[in-house]
Every structure is written in C-alpha cells, then in structure tokens.
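Colleague: Any chance you can model this:
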Amino acid sequence: MNVPTRRIFTKVGKPYNIIIVRSLSKETLSQWWCKLTNQKPNHKTFRSDIYGREHYESNYKSSEKISFPAYCLLSVPICTFLLGTWQVRRLQWKTDLVKRLKRRTSHEPFELPENLEDLETKEYYPIRVRGTFLYDKEFMAANRSLIKDGKPSDANFSFGSRSKRGYHIITPFKLADRDLTILVNRGWIPKTLKNSPQRYQSEIEDEQEIVGILRMSERRPSFVPKNRPHHNMWYYRDVYEMAEKADTSPIYLEMSTNNDLNQYPISGQTRVELRNDHLNYLLTWYCLSGATAYMWYWKFIKGIPLAH
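Modeller: Numbering: from 1, shown residues only. Predicted coordinates:
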C-alpha cells in the first residue's frame, strides 16, 4: 500500500480514504504518527468514532506521577462514601426503632406494677389504672401540635378556622387501689379553647378507668425555652419537675382511651412516627462520592482535562 502517511491523517473521514485507514492497524498508525510528531507511543492515540472509523484523538497524557495533593483529594469520594454507608445503618436503625415503638403502643395494657422501678423498661407500653382526676391541680404544656395517628398533623389538617397549635392538658390522677397520684396527659386543645368553658365539658368527677402510654422525661429540644414552673409555663416534658410542682409521683401517662376528634381535649397524643430523613442523606452522600470519584479518575488517571 503506497499511501503517504501525511495524507492518511489529513484525508481521514472522507469516503475515499475510509478503506485505506481501516485496513491499517492501530499500532501502525500510532507508530507513523509518533514518528511525524516526535511523540512517544501511546496506545490511546487512536479511537473509534460512532461510524467505526479510526481517527486520532489529541488527549493530553501526563507522564508525571500522581502528586500527594492529588491523593489528598481522593479522600473526598472516600469520606462521602463512608458517610453514605453510615446513613444506610442509621436508616435501618430508625426504621427498626419505629417498628418497636408501634409494637409497644399496640400491646395489651399492663397493670401498674407494685415495684415502680419496673417501669423503667416499659416506656411506650400502655398502662391501665383506675382512679379520679384532680382537675383543680391541672396545668398545660404550651406550643404543642396535634398528634394524629402517631404523627403531627400536617398543614392541611384543621378544625375549621381553629389554630393548629395548642396545649396539652396535664392533670394529676389519684389511684383508687393505692396511695399514689400520677400525672396524666389528657390530650390536646387548640389555643382558642385555653380559657373556654368548652374544654371542661369532658371532665368526669367520678372514679374511672383509663389507659395511657407510659412516657419518660425528654431533653429540652433546641430553640425551646426552659420550663418556668413558678409561672406554671411548660414547654417540654420534664416529668420530675412537673411531679414536684404538682406534688405527685414521677409517673407520666399519655391518655389513649378517648380518640373522639369532636371532644376536647383530644387524647392519643403519643408520637410514634419519628422524623426519618436518612434515605435523602444517604442518596446525597453516595451521589457526591460517585461524582467526585469520577472527576478524580478523569483528571489524574485518564489525564483528560475536565474543561477541554
């Protein structure tokens, strides 16, 4: 084949030179081109286009070794991948936690044990008690949203024009079978009923049996004001502080026997559905890991500039 080497590259891609170019091997073309340009052989000099034709691609290939800063940059995709894996475990943990809480709240009610220390392992279990409410000692926990089906009510839920934020009514409960008074969260009322006679319509003076979900103290959430017991202002559940103020035992039940949405206070205010954003987090970290690993590979391994 007596074809000038220079013509092969200037005429590549035109119809009358396709057969000539394709009949030559990649090794032969690479050797001829390197001889003309005084470059070292590079097996990535030739590539196939979408039509299967061989042509020269002038990609820069660094002959230098990968530098130390480049290896430091490699820590970015590694760390983001580890964070994504950690979020996978957190997602599984949160999912299992919600399942355990639902199993506990749906369990058959227990009787209040004689040894109150046994209650430390019974949080979220229903407890059955019998006694009378001491309405003259009740107080309210402010800035509470309505819990419906185990999770806070969404933005679409409302009682007509009434506010979606309100109060929890916490009332001491005197037990009938022993000399013991506990705290019972009777339920939620909107702000508009704080001083309205309507919230007293559900009060029963006689002895009654109730079922409530056992709850422990909670830590003060971020950006939530501190409780002010002397002013009877409560913003989070501190069972021991509440019990001291109301002169009761530090046992706190969230009443679950009355779920009538037309009667206040609305009981069943135990939150079971916990916030779970771990799926979004793990997708974010894995996407970052994949993107940065791809860029690092093309920059330092393939030797192809990101902006060409």
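
Colleague: What residues does I251 make contact with?
Modeller: I251 is in contact with 112, 116, 119, 180, 182-183, 214, 239, 243, counting by Cβ atoms under 8 Å, 6 or more residues apart in numbering. The way it works is simple: take the backbone N, C-alpha and C, and place the C-beta from them, glycine included.

Colleague: most centrally placed residue in the protein?
Modeller: The residue lying closest to the centre of the chain (Cα atoms, centre = their mean) is D277, at 1.8 Å.

Colleague: one step back: and the contacts of I251, which of them are buried?
Modeller: 112, 119, 180, 182-183, 214, 239, 243 (16 or more other Cβ atoms under 10 Å).

Colleague: possible to save the residues you listed as CSV with pLDDT, secondary structure and distance to R128?
Modeller: Listed next are the buried ones among the contacts of I251 as CSV, based on pLDDT from 0 to 100; DSSP: H, G, I helix; E, B strand; the rest coil; distance: Cβ to Cβ, whole Å:
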residue, pLDDT, secondary structure, distance to R128
L112, 93, coil, 8
L119, 92, helix, 13
L180, 95, coil, 14
I182, 97, strand, 12
L183, 97, strand, 16
L214, 96, strand, 11
V239, 96, helix, 19
A243, 95, helix, 20
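
Colleague: could the residues you listed go into a markdown table alongside distance to V88?
Modeller: Formatted as a markdown table, these follow (distance: Cβ to Cβ, whole Å):
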| residue | distance to V88 |
| --- | --- |
| L112 | 40 |
| L119 | 34 |
| L180 | 46 |
| I182 | 41 |
| L183 | 39 |
| L214 | 32 |
| V239 | 35 |
| A243 | 41 |
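
Colleague: Could you single out the nearest of those residues to P265?
Modeller: L183 (14.3 Å; Cβ to Cβ).

Colleague: Tell me who's in contact with that closest one.
Modeller: Contacts of L183 by Cβ under 8 Å, 6+ apart are 170-173, 239, 242-243, 246, 248, 250-253.

Colleague: Among the buried ones among the contacts of I251, which one sits closest to V76?
Modeller: Distances from V76 to those, taken by Cβ to Cβ, are shortest for V239, at 45.7 Å.

Colleague: re the thing from before, among the contacts of L183, which pair sits farthest apart?
Modeller: Every pair of the contacts of L183 checked by Cβ to Cβ; the farthest is T171 and P250, at 15.5 Å.

Colleague: what does the domain assignment say about the protein?
Modeller: With domains defined by the TED database, the chain comprises 67-108+273-303, 125-154+162-269.

Colleague: Just say helix, strand or coil for T270.
Modeller: coil (DSSP: H, G, I helix; E, B strand; the rest coil).
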